[in-house]
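[1] kindly return the folded structure for what I paste below:
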Amino acid sequence: MTTKTVDSKGRITLGPEFANQTVVIDDSNPNQLVIRKMVLIPAEEAWLYKNPAAITSLRRGLEQASAMQFSESPPEIDSKADDVE
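    As a prediction, the model looks like this:
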């Protein structure tokens, strides 16, 4: 536990371990503040983390790419922009 003094403008410093980090401050209890480091995900990308099959497939593909394991016969991809939803 660390003791900090709030300045005349209601501010405290958290220290270098919080520098350039996003935090959430839970002030639901008037006698206690809980500060947690957070990583935010854009709403349009959140679906990936809610879909276990998709995130597993993505992670597997990234591992394979890192290991230079590429398909001998890549899938056919139609390049028509009209087909993309």
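[2] which stretches in this protein count as helices?
    46-50, 52-66 (DSSP state H).
[3] any idea how far the shortest one is from the middle of the chain?
    On the basis of CA atoms, centre = their mean, to the nearest Å, the separation between the geometric centre of helix 46-50 and that of its chain is 11 Å.
[4] and if you look at the last one?
    Computed by CA atoms, centre = their mean, the chain-centroid distance of helix 52-66 equals 16 Å.
[5] just give the nearest non-adjacent residue to residue 64, would you?
    Spatial nearest neighbour of residue 64, excluding adjacent residues (CB to CB, 6 or more residues apart in numbering): residue 70 at 7.6 Å. (C-beta placed from N, C-alpha, C; glycine too.)
[6] pLDDT at the one you found, what is it?
    On pLDDT, residue 70 comes in at 88.
[7] and what of the one 5 residues further on?
    The per-residue pLDDT reported for residue 75 equals 76.
[8] what is the burial count for it?
    Look at residue 75: counted by other CB atoms under 10 Å, it has 5 neighbours.
[9] what about it, distance to residue 48?
    20 Å (CB to CB, to the nearest Å).
[10] ok, residue 8 next?
    Residue 8 is 45 Å from residue 48, by CB to CB.
[11] more neighbours: which of those two?
    Using other CB under 10 Å as the criterion, residue 8 and residue 48 rank with residue 48 on top: 12 against 5.
[12] was I right to think the more buried one contacts residue 56?
    No. Assessed by CB atoms under 8 Å, residue 48 is found out of contact with residue 56, at 10.6 Å.
[13] any weak-confidence spans in the chain?
    79-85 (pLDDT under 70).
[14] that one: strands as residue ranges?
    Secondary structure of the chain (DSSP state E): strands at 22-29, 32-38.
[15] distance to residue 12 and mean neighbour count added to these, as a markdown table?
    As requested, the strands of the chain are exported to a markdown table (distance: least, CB to CB, whole Å; neighbours: other CB atoms under 10 Å):
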| stretch | distance to residue 12 | mean neighbour count |
| --- | --- | --- |
| strand 22-29 | 11 | 9 |
| strand 32-38 | 9 | 10 |
